[in-house]
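A.B. asks: need coordinates for the following:
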Amino acid sequence: MTHLTRRSTLGLMGAAATAPLLGAPAYASTKLNVGALRFTSHAASFVAFERGYFSDEGLDVEFRFFEAAQPMAVAIASGDADYAVTAISGGLISLAEKGAAKVIGGALSEEAGIDGQKILASDAAFQAGLTSPAMLDGKSFGVTQPGSSFHYMGAKISGAEGASVRFTPLQKVGAIIGALKSGQVDAWSIVPHIAKPLAASGAVHIIGDVADYLPGYQVTTVFTSAANAANERAKTEAFLRAFSRGADDFNAALVDKTAGDDAAEDMVKLVHKYVYTDRPYEKAKPSIVNGAMRINAGAALNMASVKDQVDWFKSEGLIKDDITVDTLVDPSYVEAV
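C.D. replies: Below you'll find the predicted structure:
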């Protein structure tokens with residue numbers, strides 16, 4: 001006897017409705033663990049799950065949540081997660097060099113005209129004169145780990161300003177927020193759905209935009225194990241199709257705002273199931289809306305940005321000199337932009 005839950009029933013209905021477009025699912029109830037952070041920037045995966053797009057592809061998805069990029073990369077390499085979305089880190093690149101991981105697509109990106117990641121100063125540092133990135137010299141900058149995306153952003157921003165900063169590793173985003181609010185670190189950079197509420201509280205101040213220093217920055221990527229990329233093409237393509245449908249819905253509702261007010265409200269409610277879950281909806285809504293940055297259509301990947309990141313990690317001695325973009329990326333799955 002077959003037992004259907006409400007979710008599985010809806011998933012079957014969605015599959016039937018879209019069969020002429022997508023064809024038969026690549027797999028039947030294939031279980032996948034998908035790595036994610038509880039950020040608005042991971043919304044494409046959440047949308048694909050909630051709206052049955054993964055189910056349409058025959059994928060039975062369960063999320064594994066992390067608090068930093070590098071542990072997620074380790075989980076992919078160990079098989080504890082099958083696919084994930086996060087920033088490029090030194091740890092991810094090193095795992096790719098060992099044949100354990102591959103980037104297969106792009107996700108969040110900085111785009112001209114869309115409010116993106118912010119550069120923040122603690123209130124104490126701001127009152128002492130840190131009112132723009134030009135004043136970063138001698139200041140401390142919060143990062144999760146050495147070789148994280150925060151390290152990359154902080155180095156590129158301070159380097160452009162000719163400033164010398166001290167990078168303070170605090171392991172988790174929550175720990176950086178606490179250190180910034182208490183003045184234990186002077187500066188940080190983060191996505192707008194976190195930056196803007198912090199600034200509104202008066203505990204920190206926005207002093208600049210990451211996009212001014214890293215235009216077109218490929219903030220996050222879609223990645224998987226090298227084995228999946230090489231040997232599980234149908235499954236990987238199925239994952240990317242579902243993910244891309246989620247991204248299209250998110251962009252239409254909250255980035256391009258072409259889907260209408262009702263669709264925007266529905267999208268915020270969906271994202272709130274995963275982001276700011278400890279807040280009432282009305283308090284979480286502004287932060288989610290403010291955090292809506294572009295998720296690349298079709299999981300397209302900005303190869304120039306990826307190359308810049310790889311080159312920076314090499315210049316800092318964080319990865320081996322002979323590592324190339326091809327070491328990190330399998331370019332056969334998505335369009336390069």
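A.B. asks: neighbours of Asp248, just the number please.
C.D. replies: Counted by other CB atoms under 10 Å, the residues lying close to Asp248 total 18. (Each C-beta comes from the backbone N, C-alpha and C, glycine too.)
A.B. asks: ok, it touching Arg294?
C.D. replies: No - counting by CB atoms under 8 Å, Asp248 stays clear of Arg294, with 11.4 Å between them.
A.B. asks: and the closest residue to Leu328 other than its chain neighbours, what are its phi and psi?
C.D. replies: What sits nearest to Leu328 in space, not counting adjacent residues and going by CB to CB, 6 or more residues apart in numbering, is Ala96, at 4.6 Å. The phi/psi pair for Ala96 (degrees, to the nearest 10) reads phi -60, psi -40.
A.B. asks: what about Ala96, distance to Ala304?
C.D. replies: 18 Å (CB to CB, to the nearest Å).
A.B. asks: who's more crowded, those two?
C.D. replies: Ala96 (25 against 13).
A.B. asks: wait, what's in contact with the more buried one?
C.D. replies: Lys102, Val103, Ala226, Ile323, Thr327, Leu328 (CB atoms under 8 Å, 6 or more residues apart in numbering).
A.B. asks: list the contacts of the second one.
C.D. replies: When the contact criterion is CB under 8 Å, 6+ apart, the partners of Val103 are Ile88, Leu92, Ala96, Thr221, Val222, Phe223, Leu301, Val306, Leu328, Val329, Asp330.
A.B. asks: gap between the second one and Arg51?
C.D. replies: So the one you mean is Leu92. 28 Å.
A.B. asks: those two: which is more packed in?
C.D. replies: Leu92 (31 against 19).
A.B. asks: so which strand or helix has that one?
C.D. replies: helix 90-97 (DSSP states H and E).
A.B. asks: in strands only, show me the contacts of Ala96.
C.D. replies: Under the assignment DSSP state E, the contacts of Ala96 contribute Lys102, Val103 to strands.
A.B. asks: farthest-apart pair in the contacts of Ala96, please.
C.D. replies: Ala226 and Ile323 (14.0 Å; CB to CB).
A.B. asks: hang on, Leu318 packs against Tyr152?
C.D. replies: No - between Leu318 and Tyr152 there is no contact under CB under 8 Å: 9.4 Å.
A.B. asks: who's more crowded, those two?
C.D. replies: Using other CB under 10 Å, the more surrounded residue of Leu318 and Tyr152 is Tyr152, with 24 against 17.
A.B. asks: which ones are touching the more buried one?
C.D. replies: Contacts of Tyr152 (CB under 8 Å, 6+ apart): Ile88, Gln309, Trp312, Phe313.
A.B. asks: distance of it relative to Gln171?
C.D. replies: 17 Å.
A.B. asks: what's the answer for Asn231, then?
C.D. replies: 34 Å.
A.B. asks: can you show me the strands along the stretch 201-337 of the chain?
C.D. replies: 204-209, 221-224 (DSSP state E, counting those that start in this stretch).
A.B. asks: tell me where the stretch 51-200 of the chain has helices.
C.D. replies: 53-56, 69-78, 90-97, 123-127, 149-160, 173-181, 192-200 (DSSP state H, counting those that start in this stretch).
A.B. asks: counting contacts, what elements does the shortest one pack onto?
C.D. replies: Same thing as helix 53-56. Secondary-structure packing of helix 53-56 (3 or more CB pairs under 8 Å, 6 or more residues apart in numbering; DSSP states H and E): helix 6-22, helix 233-250.
A.B. asks: the ones you listed: lowest mean pLDDT?
C.D. replies: Looking over the helices and strands packed on helix 53-56, mean pLDDT reaches its minimum on helix 6-22, with a mean of 37.
A.B. asks: so after that helix, what's the next helix or strand?
C.D. replies: strand 30-36.
A.B. asks: how far off strand 30-36 does the next helix or strand after that next one point, in degrees?
C.D. replies: Counting by DSSP H and E, the element after strand 30-36 in chain order, helix or strand, is helix 43-50. In terms of direction (axes from the mean of the first three to the mean of the last three CA atoms, to 10 degrees), helix 43-50 departs from strand 30-36 by 150 degrees.
A.B. asks: got the angle between helix 43-50 and helix 233-250?
C.D. replies: Using the same axes, to 10 degrees: helix 43-50 against helix 233-250 is 100 degrees.
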